[in-house]
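A.B. asks: Requesting a structural model of the entry that follows:
(2 chains)
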Amino acid sequence: AQSVTQPDIHITVSEGASLELRCNYSYGATPYLFWYVQSPGQGLQLLLKYFSGDTLVQGIKGFEAEFKRSQSSFNLRKPSVHWSDAAEYFCAVGLSGGYNKLIFGAGTRLAVHP
Amino acid sequence: GAVVSQHPSRVICKSGTSVKIECRSLDFQATTMFWYRQFPKQSLMLMATSNEGSKATYEQGVEKDKFLINHASLTLSTLTVTSAHPEDSSFYICSAARTGNEQFFGPGTRLTVL
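C.D. replies: This is a model prediction of the structure:
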């Protein structure tokens, strides 16, 4: 069955430190992968996506993610975290090719210490 | 990105009553709308997909008679929770998309059933 696992429920980093949020997926076909951020009172916002091509994808707000097929992973990274990055982050896989029918991970809550 | 609103943002109702949640795409015509349910510290679970003018497609395990979805126009979809019970208390999120394109998410509606 298709699934997305985010092993870290909660992560705390210091402002300015680097960040990596882990995501593993289980999907038989070529995955369409996404990272979303959810801030209180706001809808999920798409940070970046991978459909095909270069396995290192750049997103908004200075985030990037790397697709590793051999590890079934799509980890999100940022070299220097800002206090405004504190939020909930969701990894998702798109079934049926593309944006339709998204399967989400449980999310990782990021806290940023000054 | 496009803007999707939900109304109300919070609702409290008595057990046995029905509650309607609206989802509007404010600046684009959404041929497809999705309804998700999010439990605390858990991922978003897709409940149903609706295309304008068609009956909604419900995910396995979602009671279509309990969660009535109407997508009467390209900018409005409604979710009605009928005969609500405390176990229906949850965070309901909608998203809107042009068919096959990026989903834009609403801010969610917190439903509490007493």
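
A.B. asks: who's in contact with A:Leu102?
C.D. replies: Residues near A:Leu102 by CB atoms under 8 Å, 6 or more residues apart in numbering or on different chains: A:34, A:92-95, B:34, B:44, B:46, B:103. From N, CA and C alone the C-beta is placed, and that goes for glycine too.

A.B. asks: For chain B, what is the nearest residue in chain A?
C.D. replies: Nearest to chain B, among the residues of chain A, is A:Gly43, at 3.5 Å (CB to the nearest CB).

A.B. asks: how much space between that residue and B:Met33?
C.D. replies: Plainly put, A:Gly43 is 13 Å away from B:Met33 if you go by CB to CB, to the nearest Å.

A.B. asks: next one: B:Phe91
C.D. replies: 17 Å.

A.B. asks: Compare these two (neighbour count), which wins?
C.D. replies: For B:Phe91 versus B:Met33, neighbours defined as other CB atoms under 10 Å in any protein chain shown are more numerous around B:Met33 (29 against 16).

A.B. asks: Could you pull up phi and psi at residue 69?
C.D. replies: Answering for chain A, as no chain was given. phi -60, psi -40 (degrees, to the nearest 10).

A.B. asks: should've been chain B
C.D. replies: phi -120, psi 130.

A.B. asks: Restrict stretch A:15-35 to CA atoms and write it as PDB.
C.D. replies: Taking C-alpha atoms only, stretch A:15-35 is exported to PDB below (Å, rounded to 0.1, in the frame of the first residue of the first chain):
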ATOM      1  CA  GLU A  15      18.100  30.000  14.300                       C
ATOM      2  CA  GLY A  16      20.800  30.000  11.700                       C
ATOM      3  CA  ALA A  17      21.400  26.200  12.000                       C
ATOM      4  CA  SER A  18      20.900  23.800   9.100                       C
ATOM      5  CA  LEU A  19      17.800  21.700   8.900                       C
ATOM      6  CA  GLU A  20      16.900  18.300   7.400                       C
ATOM      7  CA  LEU A  21      13.500  16.900   7.600                       C
ATOM      8  CA  ARG A  22      13.200  13.200   6.700                       C
ATOM      9  CA  CYS A  23      10.600  11.600   4.400                       C
ATOM     10  CA  ASN A  24      10.300   8.100   3.200                       C
ATOM     11  CA  TYR A  25       7.700   6.800   0.900                       C
ATOM     12  CA  SER A  26       6.300   3.500  -0.300                       C
ATOM     13  CA  TYR A  27       4.900   3.600  -3.800                       C
ATOM     14  CA  GLY A  28       5.200   1.100  -6.600                       C
ATOM     15  CA  ALA A  29       5.300   3.500  -9.500                       C
ATOM     16  CA  THR A  30       7.300   6.600 -10.200                       C
ATOM     17  CA  PRO A  31       6.500   8.900  -7.400                       C
ATOM     18  CA  TYR A  32       5.400  12.400  -7.600                       C
ATOM     19  CA  LEU A  33       6.700  14.000  -4.300                       C
ATOM     20  CA  PHE A  34       5.800  17.100  -2.500                       C
ATOM     21  CA  TRP A  35       6.700  19.100   0.600                       C
END
